[in-house]
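> Please work out how this folds:
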Amino acid sequence: MFSILEYLCINSFNSPVSKYHILTKIPNIKQQRQDRISDILKVLEENGFIESIKTTESTFYKSTDKGNEAYVKWVKNFLSFVRSSYQFKEGDDDYQ
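Numbers count the residues shown, from 1 in each chain. Purely as a prediction, here's the structure:
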């Protein structure tokens, strides 16, 4: 689920992305069944993290402000965890 949100936050900024694009471009997603990816996209959309744009040909997806905020929050928390694991502190040469 997070891989899909991350991909959309990074890659749908300028133009929405199709489910086919998600299935073929995200590493390790290729091994998932299409219905499982559809379920994940539905959950993300129902919770306001992404939005879908339906056309006559396909459905495209892009991240919302809420999705972008959730992604950034997760990244910051992950980096804090890594820094604390290595005991980096602000001011250290390796702190970024």
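
> And the lowest-mean-pLDDT helix or strand in the chain, what's buried?
Sorted by mean pLDDT, DSSP states H and E, the helices and strands of the chain end with helix 65-85, the least confident at a mean of 86. Going by neighbour count (16 or more other C-beta atoms under 10 Å), the buried part of helix 65-85 is 67-68, 70-71, 83. Heads up, the C-betas are built off the backbone N, CA and C, glycines and all.

> Rebuild the residues you listed as TSV, extending it with distance to residue 15.
TSV is the format used below for the buried residues of helix 65-85 (distance: C-beta to C-beta, whole Å):
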residue	distance to residue 15
67	16
68	16
70	21
71	18
83	34
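
> Show me which pair in the residues you listed is furthest apart.
The distance between the two most remote of these (C-beta to C-beta) is 24.7 Å, for 67 and 83.

> Break down this protein into its helices, ranges please.
Assigned by DSSP state H, the helices in the chain fall at 2-11, 19-25, 34-46, 65-85.

> CA atoms of the last one as CSV?
To tie it back to what came earlier, the one meant is helix 65-85. Taking Å, rounded to 0.1, in the frame of the first residue of the first chain, the C-alpha atoms of helix 65-85 are listed here in CSV:
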residue,chain,number,x,y,z
ASP,A,65,-2.8,16.8,-0.4
LYS,A,66,-3.7,14.4,2.4
GLY,A,67,-1.8,11.6,0.7
ASN,A,68,1.3,13.9,0.2
GLU,A,69,1.1,14.9,3.9
ALA,A,70,0.9,11.3,5.0
TYR,A,71,3.9,10.4,2.8
VAL,A,72,6.0,13.3,4.1
LYS,A,73,5.1,12.5,7.7
TRP,A,74,6.1,8.8,7.2
VAL,A,75,9.4,9.8,5.6
LYS,A,76,10.2,12.2,8.5
ASN,A,77,9.3,9.5,11.1
PHE,A,78,11.4,6.9,9.3
LEU,A,79,14.4,9.3,9.1
SER,A,80,14.1,10.1,12.8
PHE,A,81,14.0,6.4,13.5
VAL,A,82,17.2,5.8,11.4
ARG,A,83,19.0,8.8,13.1
SER,A,84,18.1,7.5,16.5
SER,A,85,19.2,4.0,15.6
